[in-house]
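**Student:** Sequence first, predicted model second:
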Amino acid sequence: MARVVAFIPDLLFGSSVVSALSAAGHEPVLAANEEALRNALPDAQALVVDLTFEVPQRIELVRSAPWPAGLKTLAFYSHVEADVRDQGRAAGFDLVIPRSRMAREGAAVLDRLLAGSGDSDPAP
């Protein structure tokens, strides 16, 4: 499957995401900080980003990182912060979904994104 960098500083939730991605056949790498992100990103086919805190800094960091060609990007946010969803979309992430959806079906969502099936999270 794909090498996936999960830029998630919440290690408990990040471990859960990594486990789900691994069970789905992906090769996940958990990046909890900027240095780990920059080290892991050059070999990645997909990037999962936590936008539940430090949103402007995280978006700027991801924008400034060296993205490999064809990298698919998936971000998640707290469902009560629609403005963060909008910021993620404006930043150019391929898909921005609520954290609850990431917890329930993140690996399947990523599979569809990698396959180009046009998964979406419509605005309310």
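**Tutor:** The structure has been received and is ready for your questions.
**Student:** in stretch 79-95, what counts as buried?
**Tutor:** Judged by neighbour count using 16 or more other C-beta atoms under 10 Å, the buried positions of stretch 79-95 are Glu81, Val84, Arg85, Gln87, Gly88, Ala91, Phe93, Asp94, Leu95. Yep, even glycine has a C-beta here, placed from its N, CA and C like the rest.
**Student:** If you count neighbours, what's buried in the worst-scoring helix or strand of the chain on mean pLDDT?
**Tutor:** Every helix and strand of the chain was ranked by mean pLDDT, DSSP states H and E. The lowest is helix 55-64, at a mean of 83. By 16+ other C-beta under 10 Å, the buried positions in helix 55-64 come out as Val55, Arg58, Ile59, Leu61, Val62.
**Student:** Serialize these to JSON lines and add fields for distance to Ser15.
**Tutor:** Formatted as JSON lines, these follow (distance: C-beta to C-beta, whole Å):
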{"residue": "Val55", "distance to Ser15": "22"}
{"residue": "Arg58", "distance to Ser15": "19"}
{"residue": "Ile59", "distance to Ser15": "24"}
{"residue": "Leu61", "distance to Ser15": "21"}
{"residue": "Val62", "distance to Ser15": "21"}
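**Student:** residues of the longest helix belonging to the chain that come out buried?
**Tutor:** Using DSSP state H, we find that the single longest helix of the chain is helix 99-115. Neighbour-count burial for helix 99-115, counted by 16+ other C-beta under 10 Å, picks out Arg99, Met102, Gly106, Ala107, Val109, Leu110, Asp111, Leu113, Leu114.
**Student:** bridging residues for Phe7?
**Tutor:** Bridge pairing for Phe7 (DSSP bridges) gives the partners Ala31, Val49.
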